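Student: Give me coordinates for this.
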Amino acid sequence: MCLGKSKEAEIKRINKELANIRSKFKGDKALDGYSKKKYVCKLLFIFLLGHDIDFGHMEAVNLLSSNRYTEKQIGYLFISVLVNSNSELIRLINNAIKNDLASRNPTFMGLALHCIANVGSREMAEAFAGEIPKILVAGDTMDSVKQSAALCLLRLYRTSPDLVPMGDWTSRVVHLLNDQHLGVVTAATSLITTLAQKNPEEFKTSVSLAVSRLSRIVTSASTDLQDYTYYFVPAPWLSVKLLRLLQCYPPPEDPAVRGRLTECLETILNKAQEPPKSKKVQHSNAKNAVLFEAISLIIHHDSEPNLLVRACNQLGQFLQHRETNLRYLALESMCTLASSEFSHEAVKTHIETVINALKTERDVSVRQRAVDLLYAMCDRSNAQQIVAEMLNYLETADYSIREEIVLKVAILAEKYAVDYTWYVDTILNLIRIAGDYVSEEVWYRVIQIVINRDDVQGYAAKTVFEALQAPACHENLVKVGGYILGEFGNLIAGDPRSSPLIQFNLLHSKFHLCSVPTRALLLSTYIKFVNLFPEIKTTIQDVLRSDSQLKNADVELQQRAVEYLRLSTIASTDILATVLEEMPPFPERESSILAKLKKKKGPGTVTDLEEIKKERSSDMNGSAEPASVNASAVSTPSPSADLLGLGAAPLTNSAPPPASSGSLLVDVFSDSASAVAPLAPGSDDNFASPDLASSEVVSEEPADTVHDADELFHKFVCKNNGVLFENQLLQIGLKSEFRQNLGRMFIFYGNKTSTQFLNFTPTVICSDDLQSSLNLQTKPVDPTVDGGAQVQQVVNIECVSDFMEAPILNIQFRYGGTFQNLSVKLPITLNKFFQPTEMSSQDFFQRWKQLSNPKQEVQNIFKAKHPMDAEITKAKIIGFGSALLEEVDPNPANFVGAGIIHTKTTQIGCLLRLEPNLQAQMYRLTLRTSKEAVSQRLCELLSEQF
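Tutor: Reported below is the predicted structural model:
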């Protein structure tokens, strides 16, 4: 069809052609199949040019009954593009499709399936969702039809999942993963992956088959799969799909399958190190696609330390790659690796490269990922360096990410602040550099920390006073300065350079430049000064009495000026001191800065429960803090104790908690009204005794045995966060933190199904012996857990004396009318109450000799269960809770540690020595403590880790 050169000529030509086609369709002479096909094809072309077509539909439907492929093809193509689901012709179309599906002609079946998938309407799903699975699993179906049937069913499931019935075909479709035709396997893998995400139990047998097929692909030469080899990479698309399918499930339980999968992943990592077989970009793209998906699976499983470290080293090579996309993907994957306790140390070795990327990278999205990675890899050892680099970058950062960087700097500075003078300096520097992006949550936070810590108040007052002397100050700095000087200005008033009058004049010089809320805050500071510094009372009253205040157009400012002036005039000194006394410590609450960061990042596609898999263990056990806690820390809550959102339990009593050692565990600040109640040993409303638990067990079914007790239990000895238990119904995740003899554990119960759990009752059970040694307080949970939802339970822990056993978590609920009962060991072990202790070589061996009584030493010689990697061994010893002492043992291959077990009644010193024998693949572990039972228990726990 020749169209005109202009738009008008085109429309004129098209109208003429439409009139011709219309006359042919309405003519007395019946059209043959070829003519009908030709005119329908012209109508389709005209429609694709953007013109409306309001006739020809019936002729297209008539083409479906033709036995000629080209005529039927044009009919289906027209219907796929022009016929909507509300058309009156849909019944005729469905009948034609059914005839073609029943014809057993593979060409016609393929056209019908393509049409169903292209239309993909609910009406199509209602008509064919029951038929297509039968075609898919039928033994005599051609390979090409199986491919089309699998993809067609996938399309219908995505549009109308409720109309695709699960039945006998589900167990048979899994076996398509063994099909000889790789095209069928590829299509079936896409279908099974989508179905397994919603119905994992139905397709769990696909794991072993997927591993088997993946193994055959990755071990094959590029010549073995010629039709599916892409630039020397065998079946890259199928490999990626199989790796994604395996990410729907936890690591395989069968040791043989697990071992085979590990071999596959190692082979993929090994091939990535080989020289490229082609210089074409397609080769590297295919090879890297498989590599990155394999690394995603390694991260998802988070169970093989050796693979995690290797994956990290592999990604490190991409950080300086010339391809921007590879640098971006490497940074993104390393963010997740940094969250694993097995690979965190390996990620930290690339800190200089990441910092350099932050400074030199041209692409803003890559720079943002570099910021995310620095945030993820930060810990006590590198916090000051990372925060300094992020502050430097902030001065030139893109405006779109400045607020996020500000929040991250504030969180890191607070979380890893050993010296709170550094924290105050950092936040004030943050306000100076990016004041417009410092939200209220950030400056509220620094105020709350200063008020809650006596040891930093004088320094904070001195620092903000000096910062306010700059000619141009950001308004947020004026707010912080006004608040802190109003509370603690008296601590620096003895210095003539910061006398009361100088402080007042400095603040008041900023008054006229500020917004109304900041002026209101400064007026409150002035009345505080009246109480703190009576000698400048007259000066302040003159300011309050001025027309600019008493007759201010803003009602809030006018009211404050009038009331404060009256208060300063008629109130006695005692009343003034009472009304304007120093702010009390803030109650302990969830971190509001972290909540704001999560909100800014947007609602994630991964639930909190899934995030637990990624969050590394809290730095409580492995930090280098002194074992003792000073008096001010006991009386004042630690502001850095809970920044991972662990304190998000519902508030039962909003009154400030009593000052107790329990308050060390939780965060102190938030604008919300929620807070975590402190440990209250006297409150035993929710304590579960064995008698209570046994009385609650419903008689329908006896209590299950403890699931995978040893494997799950030992998994958490050297880490605090992760997934404790998972089956097809329920996932249980943990976040926990410990300090001295106190701990707090957050248990997350996730409903993986679409059906409610009813009468959901988790109970922590302690034996009689354990109850006397371990004081547990649990919070009740909602008895109904909606499908796809999760609930959280808080367990407060106090170690009274050393203990050998672990509590049992028993969970009972009803699912679909069936009673469910399961129990798992709760990983509360004696080493959780370790505080690391640094020692010199001389002190260590002196103490070692003092513990020479045979009853004080326990030794175990055992074969290595995991690869003998020095870095992983160091990480595990630190995760176990002791300090790792460098250059103490004469043999540099040995590992030496020291720490103190804290209980309520006593402190138990502990020394350990681990001697690896690489040739024999053996370890000798020696522990010496002042108590035999403690030595024995710690030796048992640590031996299982290597």
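
Student: And stretch 356-365, what's buried?
Tutor: Using 16 or more other Cβ atoms under 10 Å as the test for burial, stretch 356-365 gives 357, 358, 361. C-beta here means a position set from N, CA and C on the backbone, and glycine is covered the same way.

Student: could I get those as TSV with secondary structure and pLDDT?
Tutor: Formatted as TSV, these follow (DSSP: H, G, I helix; E, B strand; the rest coil; pLDDT from 0 to 100):
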residue	secondary structure	pLDDT
357	helix	86
358	helix	84
361	coil	84
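
Student: Just say helix, strand or coil for residue 776.
Tutor: strand (DSSP: H, G, I helix; E, B strand; the rest coil).

Student: Could you report the pLDDT at it?
Tutor: pLDDT, the model's per-residue confidence, is 89 for residue 776.

Student: What's the local residue count around it?
Tutor: 23 (other Cβ atoms under 10 Å).

Student: cool, and residue 846?
Tutor: So residue 846, with other Cβ under 10 Å, has 11 neighbours.

Student: Against residue 383, how distant is residue 747?
Tutor: To residue 383, residue 747 is 29 Å away according to Cβ to Cβ, to the nearest Å.

Student: More neighbours: the two, which one.
Tutor: Set residue 747 next to residue 383 and count neighbours by other Cβ under 10 Å: residue 747 wins out with 23 against 19.

Student: Wait, that one touches residue 797, no?
Tutor: No - using Cβ atoms under 8 Å, residue 747 is not in contact with residue 797; the gap is 11.9 Å.

Student: Let's verify residue 760: helix, strand, or coil?
Tutor: strand.

Student: Oh, that last question was meant for residue 50, not what I typed.
Tutor: coil.

Student: State the distance from it to residue 83.
Tutor: When residue 50 is compared with residue 83 (using Cβ to Cβ), they lie 18 Å apart.

Student: for stretch 570-584, how far is the first residue from the last?
Tutor: 25 Å (Cα to Cα, to the nearest Å).

Student: Stretch 466-481 too?
Tutor: Note: stretch 466-481 ends 10 Å apart using Cα to Cα.

Student: likewise stretch 494-505?
Tutor: Stretch 494-505: ends 16 Å apart by Cα to Cα.

Student: Show residues contacting it.
Tutor: Outside stretch 494-505, the residues that touch it by Cβ atoms under 8 Å, 6 or more residues apart in numbering are 462, 465, 485, 489, 492-493, 526, 529, 532-533, 535-536, 539-540.

Student: go with 7 Å
Tutor: 465, 485, 489, 492, 493, 529, 533, 535, 536, 539, 540 (Cβ atoms under 7 Å, 6 or more residues apart in numbering).

Student: Which secondary structure state does the last one sit in?
Tutor: The three-state label for residue 540, taken from three-state DSSP, comes out as helix.

Student: Count residues in the vicinity of the closest residue to it other than its chain neighbours, would you?
Tutor: Nearest non-adjacent residue to residue 540, counting by Cβ to Cβ, 6 or more residues apart in numbering: residue 526, 4.9 Å away. Burial of residue 526 is recorded as 26 neighbouring residues (other Cβ under 10 Å).

Student: Which neighbouring elements make contact with the helix or strand that contains residue 526?
Tutor: Residue 526 belongs to helix 516-532 when assigned by DSSP states H and E. Using 3 or more Cβ pairs under 7 Å, 6 or more residues apart in numbering; DSSP states H and E, the elements in contact with helix 516-532 are helix 475-488, helix 500-511, helix 537-545, helix 555-570, helix 573-579.

Student: tell me which residues of that helix are tucked away?
Tutor: 518-532.

Student: circling back: which one of residue 50 and residue 83 is surrounded by more residues?
Tutor: Between residue 50 and residue 83, counted using other Cβ under 10 Å, residue 83 has the larger neighbour count: 19 against 7.

Student: Tell me who's in contact with that one.
Tutor: 57, 89, 93.

Student: if we go to 10 Å?
Tutor: 57, 60, 61, 89, 90, 93, 115, 119, 121 (Cβ atoms under 10 Å, 6 or more residues apart in numbering).

Student: what does the model give it for pLDDT?
Tutor: Value listed for residue 83 in the pLDDT field: 75.

Student: Can you tell me how far it is from residue 109?
Tutor: Residue 83 is 20 Å from residue 109, by Cβ to Cβ.

Student: do residue 322 as well
Tutor: Residue 322 is 48 Å from residue 109, by Cβ to Cβ.

Student: mind showing which ranges of the protein have poor pLDDT?
Tutor: Applying pLDDT under 70 to the chain picks out residues 1-5, 28, 84-87, 222-224, 226, 588-712.

Student: Quick one: classify residue 252 as helix, strand or coil.
Tutor: Going by three-state DSSP: residue 252 is coil.

Student: what about it, neighbour count?
Tutor: 20.

Student: The nearest residue to it once chain neighbours are set aside is in what secondary structure piece?
Tutor: In this structure, residue 252 finds its nearest non-sequential neighbour in residue 258, 4.6 Å apart by Cβ to Cβ, 6+ apart. Per DSSP H and E: residue 258 is located in helix 255-273.

Student: What helices and strands are in contact with that helix?
Tutor: helix 206-218, helix 236-246, helix 281-301, helix 305-318 (3 or more Cβ pairs under 10 Å, 6 or more residues apart in numbering; DSSP states H and E).
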